[in-house]
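Visitor: sequence-free structure coming up:
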């Protein structure tokens, strides 16, 4: 595919690296050449120091022949304008990163298509949904559900009280087991497990199960002592905090700590919920946290623009006996360190945006893709078409890519786990766990 990416910021560069692995023809546009020079030197792509909204510039990079134009500069108007121009010139599909909540409303989808913008992405909103979902379950690091929770993928950090440690998976997860272990994150390695593998203390384990057995997974993972979240402290009053506060259930009491007084007033206007309190102060101030009863808080969420501050603040909250912490990481280089410090749930907007856009390029009908930041992997939901390769043989005979495993499927509205003898059928919704480099190859089985 011929792909043009406008914006060599964190989202654009992360996406370019991801797509380079698939050997696409990629051109990265940015007005500042220094933002993509290193990338061009180390990856197979072309960089152009041009204004993304310049008609002549878009003509010169071949927008009329492009399969996909992606506008991910920091400026909403630039992204929308560039997409409109590229579409008018002949680009087949366009995607724009936006900031306005109004634009993301489904009622406006057809309007944007008529003016040349096929799809909109708002990383702050997607991140907020993930945060709100994660915080509701203090014992889970990551949560992903299919078809109204008929199938659920849970990332759980197991400790020495788990009942499932040091047992070969062939003995632990037999054909009748109500769950599958689809992946294990151990230190810096992500493992697609086999029968002789065992779970160790401090592994991050990804379970696939059906809704009925979620309490059972919680018990065997040793998480029954984790409290339900009723009180939440959020550090930082950015857009992600606003959307997360709106999405959290009304039974939670939420305190947002923001340093800027004017922003505090704005937050009170933007979040019209009786269970949300905005506090003017510095979330790093331990005396302030003590005054706000952090010891009686079940969840602490650090969403400032500073990755180091978010990590250290979550670490301090852990020391104050907060069981659930969430940190926003703007820099992917800190992921391994944050995980080794046992920070909790990690959120990265670059990978969120990249996963959303990446699913649009897969050959199969992919309903959704979720990036698992810590595991350097993706979980994807495929809708099975008639005649696709995945339906021709039982799973054990398909020779799926080495870095992929199928966790389960939803058939006729009912979730079920799969094994090697399972025969996938047309109309099934299949959930797959893939190391990042293998998702594209797996998609060919569903095309």
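Guide: Noted; the coordinates are in hand. None of these values were measured; they are calculated from a predicted model. Numbering: from 1, shown residues only.

Visitor: Spatially nearest residue to residue 26, not counting backbone neighbours?
Guide: residue 45 (4.1 Å; Cβ to Cβ, 6 or more residues apart in numbering). (C-beta placed from N, C-alpha, C; glycine too.)

Visitor: residue contacts, the one you found?
Guide: With contacts defined as Cβ atoms under 8 Å, 6 or more residues apart in numbering, the neighbours of residue 45 are 16, 20, 26, 27, 28, 39.

Visitor: how about it, phi and psi?
Guide: Its backbone dihedrals place residue 45 at phi -150, psi 170, with angles given as degrees, to the nearest 10.

Visitor: And for residue 232?
Guide: Backbone geometry at residue 232, expressed as degrees, to the nearest 10, gives phi -130, psi 130.

Visitor: Report how many residues lie close to the residue nearest to residue 242 when sequence neighbours are not counted.
Guide: Using Cβ to Cβ, 6+ apart and skipping the chain neighbours, the partner closest in space to residue 242 is residue 270 (5.2 Å). Burial of residue 270 is recorded as 18 neighbouring residues (other Cβ atoms under 10 Å).

Visitor: Filter the contacts of residue 45 down to the buried ones.
Guide: Buried positions within those, assessed by neighbour count (16 or more other Cβ atoms under 10 Å), are 16, 26, 27, 28, 39.

Visitor: quick one, what contacts residue 27?
Guide: When the contact criterion is Cβ under 8 Å, 6+ apart, the partners of residue 27 are 3, 4, 5, 45, 46, 47, 48, 61, 62.

Visitor: Mind doing that once more with 6 Å?
Guide: Residue 27 makes contact with 4, 46, 61 under the criterion Cβ atoms under 6 Å, 6 or more residues apart in numbering.

Visitor: Quick check: which helices or strands does the helix or strand bottoming out on mean pLDDT in the chain pack against?
Guide: Across the helices and strands of the chain, the lowest-confidence element by mean pLDDT, DSSP states H and E is strand 366-372, at a mean of 72. With contacts taken as 3 or more Cβ pairs under 6 Å, 6 or more residues apart in numbering; DSSP states H and E, strand 366-372 sits against helix 349-359, strand 377-383.

Visitor: Mean neighbour count and distance to residue 315 added to the ones you listed, as a markdown table?
Guide: As requested, these are arranged in a markdown table below (neighbours: other Cβ atoms under 10 Å; distance: least, Cβ to Cβ, whole Å):
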| stretch | mean neighbour count | distance to residue 315 |
| --- | --- | --- |
| helix 349-359 | 23 | 21 |
| strand 377-383 | 23 | 25 |
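
Visitor: who wins for proximity to residue 106 among those?
Guide: For the helices and strands packed on strand 366-372, distance to residue 106 was read as Cβ to Cβ. The smallest value, 15.6 Å, belongs to helix 349-359.

Visitor: I'd guess residue 82 is in a strand, am I close?
Guide: No - assigned with DSSP: H, G, I helix; E, B strand; the rest coil, residue 82 falls outside any strand and is helix.

Visitor: Run through the residues that contact the residue nearest to it when sequence neighbours are not counted.
Guide: In this structure, residue 82 finds its nearest non-sequential neighbour in residue 52, 4.2 Å apart by Cβ to Cβ, 6+ apart. Residues in contact with residue 52, defined by Cβ under 6 Å, 6+ apart, are 6, 29, 78, 82.

Visitor: Between all of the residues you listed, which two are at the greatest distance?
Guide: By the measure Cβ to Cβ, the contacts of residue 52 have their two most distant members at 29 and 78, which lie 10.4 Å apart.

Visitor: Comparing these two, which shows the higher neighbour count?
Guide: Under the criterion of other Cβ under 10 Å, the comparison of residue 29 against residue 78 puts residue 29 first, with 28 against 20.

Visitor: and the gap between that one and residue 121?
Guide: Counting by Cβ to Cβ, to the nearest Å, the gap between residue 29 and residue 121 amounts to 17 Å.

Visitor: do the same with residue 192
Guide: Here the criterion is Cβ to Cβ. By it, residue 192 lies 29 Å from residue 121.

Visitor: For the two, work out which one has more neighbours and name it.
Guide: Neighbour tally, residue 192 and residue 121, criterion other Cβ under 10 Å: the higher count belongs to residue 121, 22 against 19.

Visitor: Could I get the phi/psi values of that one?
Guide: When quoted as degrees, to the nearest 10, the phi and psi of residue 121 stand at phi -130, psi 140.

Visitor: residues in contact with it?
Guide: If you count contacts by Cβ under 6 Å, 6+ apart, residue 121 has them with 97, 353, 356.

Visitor: and what of residue 160?
Guide: Neighbouring residues of residue 160 by Cβ under 6 Å, 6+ apart: residue 201.

Visitor: Mind doing that once more with 10 Å?
Guide: Listed by Cβ atoms under 10 Å, 6 or more residues apart in numbering, the contact set of residue 160 reads 200, 201, 202, 222.

Visitor: any idea which of these is closest to residue 395?
Guide: Within those, the smallest distance to residue 395 is 27.3 Å, found for residue 200 (Cβ to Cβ).

Visitor: I figured that closest one hits residue 189, correct?
Guide: No - Residue 200 is not in contact with residue 189 according to Cβ atoms under 10 Å; the separation is 11.6 Å.

Visitor: And these two? Which one has more around it.
Guide: Taking residue 200 and residue 189 together and counting by other Cβ under 10 Å, residue 200 has the greater number of neighbours (15 against 9).

Visitor: Model confidence for that one, exactly?
Guide: According to the prediction, residue 200 has pLDDT 96.

Visitor: For it, which three-state class applies?
Guide: At residue 200, secondary structure determined by three-state DSSP is coil.

Visitor: dump the residue contacts of it.
Guide: Contacts of residue 200 were listed using Cβ under 10 Å, 6+ apart, and they are 158, 160, 162, 165, 166, 184, 186, 187.

Visitor: do the same with residue 12
Guide: 5-6, 28-30, 35-36, 39, 70-74, 97, 350, 353-354.

Visitor: same check, this time on residue 294
Guide: Taking Cβ under 10 Å, 6+ apart as the contact definition, residue 294 lies against 231, 233, 255, 286, 288, 300, 316, 317, 320, 321, 322.

Visitor: Just the buried residues from those, in PyMOL please.
Guide: What follows is the PyMOL syntax selecting those of the contacts of residue 294 that are buried according to 16+ other Cβ under 10 Å:
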select buried, resi 231+233+255+300+316+317+322
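
Visitor: want to try TSV for the contacts of residue 294, with pLDDT as columns?
Guide: Compiled in TSV, the contacts of residue 294 are given as follows (pLDDT from 0 to 100):
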residue	pLDDT
231	96
233	97
255	97
286	91
288	94
300	97
316	92
317	94
320	92
321	90
322	93
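
Visitor: tally of neighbours for residue 156?
Guide: By other Cβ under 10 Å, the residues close to residue 156 number 23.

Visitor: Can you list the low-confidence ranges for the stretch 151-300 of the chain?
Guide: Across the stretch 151-300 of the chain, no stretch falls below the confidence threshold (pLDDT under 70).
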